Each structure stands twice: as structure tokens, then as C-alpha cells.
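Chemist: the sequence isn't on hand, but the structure is:
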């Protein structure tokens, strides 16, 4: 009888082990060799680094307070680009210039299809904290260009200009129109730049076969993979800015009430921080994981191989890791805190700004109800200051994505291009109605430490990475707008 009991337990266990082994064979481990920097023109890379260095010196900082913005910096930066890239400005027509933004068009003699749109922005966020080199000096040292905008995203702008200038110099003529959109206020939502471009596109009845803006990098900084992957983001989280405010009796700090205004505000912030939104999978993240599965660590590959058994464990692993948590949940974080006027005076009011990033499918209304439910008993007032919903998901199973992935492979052999979710914001959200192929990708190879400098201290980009990026932008143009051949040439 005991033998039958043992067999009754052992057989299911053995079957389970066999099933797991079979499942792991369906997600085999791939070679974890990390590809090196691809070949590039060193002279071109040096020229791009020098031009980026100078572009960083123009302090095109998008302060929220318009009175703090020095718009002569934008004017001077545009003049600098005109002087360094004369052929681009001679060949591409200036199509539309709202404010300090610029839209250019490279006209094809006989367009063979819808145009493509290449994007970048000229503004940067403020530079605070302790920097190794002054943030607007544009220092070139140790194989890097240092400074605010080196990764977000004057590097994109300069590399795009370099790619276009080199193609024009070689006598290249595109077989479809190419638009170049340079926004001046992307860091503030693009309301005066990209939004106006979108209005112009609608008036002209334009459709784009592909839109390329800044976005994911080539890195292993997001998922625990054994090699860099090209994070070609096909969707973008939404953004909501909320103001939390509360009032309480003021007075002398020596006679504090049971709960002051800062006390109430801090408790509200802690509740929000310690009770995050539920994590959830999207089809996009599932497909992303499937693409990179061969390079994931064994536990994650096992989870992916048997989703019915391990879906909850996989979701928890992603939600608990600060690198991947933003990909599976909406996030809320305080970015501005204000209260008090003197050390010995109790503040009568306290305020905080919450920056919320919404998963596709989530909404500002749902988030507002969640925060109000958490803070209602504290007397917190919640006001919406800014709202931009999540984007849709671009078609990452169509021909445009395959062509784009092929361009990545052409320049970065051995690096897979995978569809991803961009947790930040870009101007391209305004262009979504005009294309089903809106891709957010910055073709720069970054370490995890370099990736962490975006919007932070010591922002920098490798000179070698600049050289490879120029090659990539050229290759994208060659694939999506091949050289126009005249009948005489044929």
C-alpha cells in the first residue's frame, strides 16, 4: 500500500519535471556573448562629437516658468546648425516654423510612397547637482561628450544632420519625401512645437510610412539579459501631473498641533508610495519578453516557458525590480515639495506635485480616484495640472518594423531589435494619428551607468556611439527612402 502511495506522489512530480524540461527546451538559452561597438568612420565620429560639444553650450533649457527661458539660445543654436550643415539647409525646404521649432522637407522628384518623418528636439531639462564637468561646457574627455543634452537629445539632432549632410554630399536623392521635425519644447509636452506640426500635417492631409523619434537605447539596462538589445519602443506611457495640497493651523513651531500641514502631506505621499498600482501584463510586454527570452536568466526563461504555472511569479519578479516595474504598472512619484517660510513657523499649507506615468489602458480618471481614496481622510485636495493619455501601440508585426529591425541588424550585427514600451515622453505622441509605424529609438549603445544619466548628473555619450548612430540614420533613410534612380541612370 505504501508503495502505491509513493508511486502516486512520485509519478505526478516526475511528469511535472519532464514538462518543465520540455518547456525549457522551447526557450533555449542563447549565446550571451556581448557584441562590441560596430565599425564606424572615426573622422566622422570626431566631427560629430565636436559639433555636439558646441550644441550643448547653447543653454536651451525648458524651464516651466517662461520668464526663465532665454530664447536667444534657441535662435543661436539654429544658426549654429545652419553654419555646420549648409547642404541640409540648402537642399531641404523650410516647410513650417512654429515658434522656435523647425520643420524641413527633402522633396523627392517622384515620390514612390508616403513620406517618412525623422524627429528630434532642441530643448533640454535644467541641470542640477554635482557634475564632473560643467553641464553646458560640452567637454570631450575620456572618449565621451559630457553635458546636458548629450543623450536627450541633441545627440539625435546632430547625428541626423550629419547623416543627411553626408548623403546630400554624395549626391543622394530619396525616392520618397523625408520630413525632419525639430521641436523646441518637447520637455514641456511639445504644445508649441510638435502639437503645431501635427496640426500642419492634418491640414496637409499627410500620412507617414514611418515616424522615428528618440526613445529606447541599445542597452542591457532594462531587462536582466546577457547582452544589449535594441529597445525599439512602439508605445509610450501617458503622463499626468497632480498637485496635492492641504491646509492646517499655523503658528509657532514650539506649540505644534497633533498633525501639521506637512505631516498630512507626507502621510499622503507615503500612502501613495507604499500602495502602488497593481501590476499587469500587456500583450506588448509579453511579446517583448518572448523576443529576449533566449538571453534571460534561467528562472525567467522557465517562467516564460510555462505561463500557466508561473505567470504570477513572473509578474511579481518584474514588479519588484525597479528596472522593470514601470513596464507593468502605472507609477506615481513626488517631484516637487513646497511648504514653510521659516524654521520656527508652522506652515499653514503644504503642496506636492506628483508625476504619474500611465500604462497603456490606464487613465487619469482612474488614477485620480485611486489617489483620492487613499488620501480622503487626510483632507488632501487633488488638482490635475497636466494630462496626456497613453499612446496606442504601433504595428510591430508589419513590414515597417521588419525593415527597421533590418536596419538595426545592418549596423549593429548580433543585436536584436525588440518592441518595447517607452516610459518617458516624446514629441512623437502628437504624430500618432499620421502613421501606424511610430518608432521611438535612439541608436546609442549605453551601459547601465550611462543610461542612468538621462535627466540626471554627468549625462554623457560615447564618441564611438555617435559614429555608429550616424551610420544607422543613413541606413534607415536608405531602407525607407532608397536612392531615386533616373531613367537615364537605368
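Modeler: Now that the structure is in, tell me what you want to look at. Since the structure is predicted, the reported quantities are computational estimates derived from the model, not experimental observations.
Chemist: check the offset of stretch 102-117 from the chain's centre.
Modeler: 25 Å (Cα atoms, centre = their mean, to the nearest Å).
Chemist: could you pull out the buried residues of that stretch?
Modeler: For stretch 102-117, burial by neighbour count (16 or more other Cβ atoms under 10 Å) applies to 102, 103, 104, 105, 106, 108, 114, 115, 116, 117. Any C-beta I mention is one placed from the backbone N, CA and C, and that applies to glycine too.
Chemist: between those residues, which sits nearest residue 62?
Modeler: Of all the buried residues of stretch 102-117, residue 102 has the smallest distance to residue 62: 16.0 Å, by Cβ to Cβ.
Chemist: okay, now the residue nearest to the closest one when sequence neighbours are not counted: neighbour count?
Modeler: Counting by Cβ to Cβ, 6 or more residues apart in numbering, residue 102 lies nearest to residue 182, which is 4.7 Å off, once chain neighbours are set aside. The criterion is other Cβ atoms under 10 Å. On that basis, residue 182 has 28 neighbouring residues.
Chemist: give me the three-state assignment for residue 182.
Modeler: Assigned with DSSP: H, G, I helix; E, B strand; the rest coil, residue 182 falls in the strand class.
Chemist: what bridges to it?
Modeler: residue 102, residue 120 (DSSP bridges).
Chemist: OK, contacts around it?
Modeler: 101, 102, 103, 104, 119, 120, 121, 122, 157 (Cβ atoms under 8 Å, 6 or more residues apart in numbering).
Chemist: if we can go back for a sec, from the buried residues of stretch 102-117, which land in strands?
Modeler: 102, 103, 104, 105, 106, 116, 117 (DSSP state E).
Chemist: circling back: want to throw the buried residues of stretch 102-117 into a markdown table with pLDDT?
Modeler: Shown next, in a markdown table, are the buried residues of stretch 102-117 (pLDDT from 0 to 100):
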| residue | pLDDT |
| --- | --- |
| 102 | 97 |
| 103 | 98 |
| 104 | 98 |
| 105 | 98 |
| 106 | 98 |
| 108 | 97 |
| 114 | 98 |
| 115 | 98 |
| 116 | 98 |
| 117 | 98 |
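Chemist: need the contact list for residue 130.
Modeler: residue 457.
Chemist: the residue most central in space within the chain: what's its closest spatial neighbour, skipping adjacent residues?
Modeler: Per Cα atoms, centre = their mean, the C-alpha nearest to the average position across the chain is that of residue 215, at 3.6 Å. Using Cβ to Cβ, 6+ apart and skipping the chain neighbours, the partner closest in space to residue 215 is residue 440 (2.5 Å).
Chemist: name the element the one you found belongs to?
Modeler: Using DSSP states H and E, residue 440 falls within strand 438-445.
Chemist: quick one: distance of that strand to the chain centre.
Modeler: Put simply, strand 438-445 sits 8 Å off its chain's centre (Cα atoms, centre = their mean).
Chemist: now for it, which elements pack on it?
Modeler: helix 154-169, strand 210-219, strand 229-236, helix 399-411, strand 460-462, helix 463-480 (3 or more Cβ pairs under 8 Å, 6 or more residues apart in numbering; DSSP states H and E).
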